[in-house]
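*Asks:* predicted coordinates and the sequence they were generated for:
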Amino acid sequence: MPATIPETATPPLSVLMRDGSVIEHREAESSDFMATMLDGRVNAAGYTAYLGALRPVYAALEEVGRELADHPVAGRIVDSRLDRLPALEADLQYWTARAGHAPVEAPSPAVVAYAERLFETRNDPALYVAHHYTRYLGDLSGGQAIGRILGRTYEIERGGPGLTFYEFPLIEKPKPYKDGYRARLDALPLASEDQQRVVEEVRLAFALNGAVFSELTDRLDEYTA
Ligand code: HEM
């Protein structure tokens, strides 16, 4: 009698997204700029530049999020309680004063490319989900530890001026929120080909972040004390 091969169920989307970006996540974590920042060696100009780079990214992410709020797929994960732009701008004001100058001139090529890709997802909202996940779940995960490390580096108390980006006052606790978020991802009405496209887009989102970090790394001489 031939042995029956057990049917392997496809893992849920949240697992596909996480497992499909493990290598990219490791690369992002080990970028020289990030590593130097977590090592407490990035100066005020460097942190100002980092926030300055993230500003157009969150502006695009949140603008497209508002447009897709009623979309049957993307709308299920959009949540204005996650919005980072107001905190980011408040932090930027603090850092501009502390650094003694505003962040770099115009958005850099990597920042422009990232924001352009975000705007393109207007026409393909399933892919917006990938970008939403990459930034906000990151901010609610490793971002929390990064905020604590930066607090020690710059001697700012938790959530104090300059580090409000890491605070989510409208979200009670990150862990249950992330569990609910993953459950919403898993329940999205997406065919398996679309799920694969979302996983590919997560990889692209990490690469776009990596390109931004790489530009910051190129200026590390200026950005270290
Ligand atoms: C040095 C920098 C970083 C550190 C130390 C870090 C650390 C972590 C840790 C410890 C987790 C798991 C937390 C948990 O299970 O609750 C996590 C999750 C995550 N991080 Fe990062 N991270 C870093 C950078 C980034 C960057 C740059 C991004 C994207 C732009 C990112 C995106 C994510 C995402 C999307 C998750 C959620 C994975 C999942 O459970 O599906 N991280 N990070």
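*Replies:* That came through fine.
*Asks:* switch to C-alpha atoms for all contacts and neighbour counts from now on
*Replies:* Noted.
*Asks:* hmm, residue 153 is touching residue 36, no?
*Replies:* No. Using Cα atoms under 8 Å, residue 153 makes no contact with residue 36, being 11.3 Å away.
*Asks:* poorly predicted segments of this structure, please.
*Replies:* 1-7, 104 (pLDDT under 70).
*Asks:* in space, what's closest to residue 46 - neighbours in sequence excluded?
*Replies:* Excluding its sequence neighbours, the residue lying closest to residue 46 (Cα to Cα, 6 or more residues apart in numbering) is residue 223, at 4.3 Å.
*Asks:* how would you label residue 172: helix, strand or coil?
*Replies:* State at residue 172, reduced to three classes by DSSP: H, G, I helix; E, B strand; the rest coil: coil.
*Asks:* that one: neighbouring residues, count only.
*Replies:* 9 (other Cα atoms under 10 Å).
*Asks:* distance check, it against the ligand.
*Replies:* With the distance defined as Cα to the nearest ligand atom, to the nearest Å, residue 172 ends up 15 Å from the ligand.
*Asks:* so what's the backbone phi/psi at that residue?
*Replies:* phi -60, psi -50 (degrees, to the nearest 10).
*Asks:* centre-most residue in the chain?
*Replies:* Per Cα atoms, centre = their mean, the C-alpha nearest to the average position across the chain is that of residue 135, at 1.8 Å.
*Asks:* that one should be in a helix, yeah?
*Replies:* Yes. Under three-state DSSP, residue 135 falls within a helix.
*Asks:* any idea how far it is from the ligand?
*Replies:* Residue 135 is 5 Å from the ligand, where distance means Cα to the nearest ligand atom.
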